[in-house]
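> this is a predicted model, with the sequence first.
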Amino acid sequence: MKVLITGFDPFGGESINPALEAVKLLPDTISGAEIIKLEIPTVFRKSLAKIEEAIEIHNPDIVISVGQAGGRFGITPERVAINIDDARIEDNEGNQPLDVAIYEDGEPAYFSNLPIKAMVNEMKNPSSLRIKLDLGMVDGKTKVKSKTFSNVKHNASNEDVYEVASAIESLQQYPVLEIAKIDNTTLA
C-alpha cells in the first residue's frame, strides 16, 4: 500500500508550517504501508497541480493532505471537501480567489471515504501508561503513588509499552507494584 501525504510550505509571513513539519517527521513506512511525503506550494492551482503530478508518478492508494488551521488546537479531519477556492488571505504569490470553483465541471462537494468518526475517536481516546510505585508503609498501610504517561501511540504493542515501562522502572527510587497500559476506548 502507498500513502501520499502532503503538507503546505510556510505562508502568511510564517517561517515554518507546523503541518509540513509534522509530515516530514513521519516514518517512511507505517504498518507496512509506504509513506510518500510531499511539500506543496501555498499557491492556488499550483498546489493541486503538484499533487496531481505526484498521483501520476506514485499511484498511491490513499492521499492525505495535512494543513494548518489557525486557532485550532488539535487534529480535525475533514469529512467533506468543498469544490470552492475561497481565500481569507493571499497565497504566497498574492492570489486571493473568492468563491471560485476548483473544478468547473466538478461536484459541489466530495465526501471522504476514510473512517473519520473512528479516527477522531482514536485521537480523543489515546492510550496511557500507568506505573504504580510502592512508597512504603504509612500508618500500617501501603502508600502507593501512580505516574501516568499520556498519549501512548494507539498501535503500540503491549510488549513495547512494557519495555518502555521497564526502562522507566530502572530510574525510579521506589519499587514498582504495577505496570498498566490503559486503553481509553469509548464503547458507547
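Yep, that arrived.

> quick check: buried residues in stretch 97-109?
The neighbour-count check on stretch 97-109 (16 or more other C-beta atoms under 10 Å) flags nothing as buried. Where you see a C-beta, it was placed from the backbone N, CA and C, and this is true even at glycine.

> list the contacts of it.
Among residues not part of stretch 97-109, those counted as contacts by C-beta atoms under 8 Å, 6 or more residues apart in numbering are 44, 48, 80, 81, 82, 83, 84, 85, 86, 87.

> pretty sure residue 161 sits against residue 129.
Yes. Between residue 161 and residue 129 there is a contact under C-beta atoms under 8 Å: 5.6 Å.

> can you pull out the low-pLDDT segments for this structure?
Across the chain, residues meeting the criterion (pLDDT under 70) sit at 73, 124-126, 154, 184-188.

> could you rerun that using 90?
11-14, 18, 67-78, 88-89, 112-129, 137-142, 146, 148-166, 168-173, 180-188 (pLDDT under 90).

> need the strands for it, in chain order.
2-8, 29-30, 33-40, 62-66, 80-82, 84-85, 100-101, 109-111, 127-138, 141-152, 176-182 (DSSP state E).

> packing partners for the fifth one?
So that's strand 80-82. Judged by 3 or more C-beta pairs under 8 Å, 6 or more residues apart in numbering; DSSP states H and E, the packing partners of strand 80-82 are strand 109-111.

> same check, this time on the fourth one
Helices and strands touching strand 62-66, by 3+ C-beta pairs under 8 Å, 6+ apart, are strand 2-8, helix 18-25, helix 46-58.

> contacts only, for the most centrally placed residue in the chain.
Centroid check for the chain by C-alpha atoms, centre = their mean gives residue 75 as the closest residue, at 6.3 Å. Applying C-beta under 8 Å, 6+ apart to residue 75 gives the contacts residue 123.

> do you know how far it is from residue 27?
18 Å (C-beta to C-beta, to the nearest Å).

> would you work out how far apart the start and end of stretch 13-21 are?
Stretch 13-21 has an end-to-end distance of 16 Å (criterion: C-alpha to C-alpha, to the nearest Å).

> for stretch 92-106, same thing?
26 Å.

> distance between that stretch and the chain's centre?
Relative to its chain's centre, stretch 92-106 lies at 27 Å (C-alpha atoms, centre = their mean, to the nearest Å).

> right, I'll call it a day here.
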